[in-house]
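1. Pasting a predicted model and its sequence here:
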Amino acid sequence: MPLTSGARINTNIAAMNALTALNSINRDLGMAQERLSTGKRINSAADDPSGYVISKKMEGRIRSMNSALDNVGDAQSTYGVAEGAYQKVADLLVQVKEKQTRFINGAFGADEKNAIATEISALATEIDDIVSTTKFNGVQLLSSTYSQNFQVGEGSTETFSVAFSSSVSSTALLGTAAGSVSSANVSSLTVDAGLVTVNTAIGTIGSSLNRLSAKEANLNTAITNTESAKSRIFDADIAKEQIRAAKLQILQQTSTSMLAQANSSPQVFLSLFR
């Protein structure tokens, strides 16, 4: 910074130095006030080019993981819908098993046995109805082989397959279509095998839901840690910025005062002309 004795009044070096210092202080104070207003340490790439790039990359990761977290929730919901349907089907099969056992009764005549067959046929029809109406976002889950991938991580290869490969229908579970159940084939209905099929599917869903819960917890932890790392780079330390702003405000006042004094100091040389 150039210095002068002050005797050369055509160019007031002292005032120019004070003005330069004041402009620098005003610029820094403006930055501090902007950070306090926005809560961000980096408000433009010029504030910290490398920090801006790194924080934006982290922001992309965070958004990707949040989307993956939503996908995990959708996969859990899909399993939840299917599990509810399987459980209802299992309840109906238990009722069919009860009726089948009751059917073999020497005290019953043809009318009683036909009535039981009609009840079983109605239960089998309800099983088919449940299968046809079990949907998620309009897609049937149990009436055909359902297999879809859900991205459950940051990378596109981090996927989880949701599938219901067990064939579920009155024909598959009972060995006979609902409309074909009669007193002649009630005893041969494959209810036990059907219960094994449904219960196995429910157990598989439970295991898959446990895996998804673990992935959900891992994603939440990763999101929190990445947010923390991004915050250290991108967010302003409000206490520190307030201290800095207070210091700059004082310097602003002293610089303004010094500029005023520098502008008036050449007047002392007027005394030489008296």
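-> Received it, and whenever you're ready, just let me know what you need. Keep in mind the model is a prediction, meaning the values are calculated, not measured. Residues are numbered from 1 along each chain as shown.
2. May I have stretch 46-56 exported as CSV, CA atoms only?
-> In CSV, the C-alpha atoms belonging to stretch 46-56 read as follows (Å, rounded to 0.1, in the frame of the first residue of the first chain):
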residue,chain,number,x,y,z
ALA,A,46,-17.0,-18.1,-6.9
ASP,A,47,-17.3,-18.4,-3.1
ASP,A,48,-15.5,-21.8,-3.2
PRO,A,49,-15.3,-23.5,-6.6
SER,A,50,-14.1,-26.9,-5.4
GLY,A,51,-16.4,-26.9,-2.4
TYR,A,52,-19.3,-26.0,-4.7
VAL,A,53,-18.5,-28.9,-7.1
ILE,A,54,-18.1,-31.4,-4.2
SER,A,55,-21.3,-30.3,-2.4
LYS,A,56,-23.3,-30.6,-5.6
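3. Average pLDDT for it, rounded please.
-> Stretch 46-56 shows a mean pLDDT of 89.
4. from the middle of its chain, how far away would that stretch be?
-> Here stretch 46-56 is found 25 Å from its chain centre; the criterion is C-alpha atoms, centre = their mean, to the nearest Å.
5. who's in contact with it?
-> With contact meaning C-beta atoms under 8 Å, 6 or more residues apart in numbering, stretch 46-56 is reached by Met31, Arg41, Ile42, Ser44, Ala45, Lys230, Ile233, Phe234. The way it works is simple: take the backbone N, C-alpha and C, and place the C-beta from them, glycine included.
6. Against Val191, how distant is the last one?
-> Plainly put, Phe234 is 62 Å away from Val191 if you go by C-beta to C-beta, to the nearest Å.
7. quick revisit: return the entry from the contacts of stretch 46-56 with the maximum number of neighbours.
-> Phe234 (22 neighbours; other C-beta atoms under 10 Å).
8. Which of the contacts of stretch 46-56 fall within helices?
-> The members of those that map onto helices under DSSP state H are Met31, Lys230, Ile233, Phe234.
9. mind putting the residues you listed in CSV, pLDDT and distance to Thr224 included?
-> Listed next are the ones in helices among the contacts of stretch 46-56 as CSV, based on pLDDT from 0 to 100; distance: C-beta to C-beta, whole Å:
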residue, pLDDT, distance to Thr224
Met31, 84, 29
Lys230, 92, 11
Ile233, 90, 16
Phe234, 88, 15
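10. Pick the one among those residues closest to Glu98.
-> Set against Glu98, the nearest of those by C-beta to C-beta is Lys230 (59.8 Å).
11. my guess is that closest one contacts Ile62, does it?
-> Yes. Contact criterion C-beta atoms under 8 Å: Lys230 and Ile62 qualify, at 6.9 Å.
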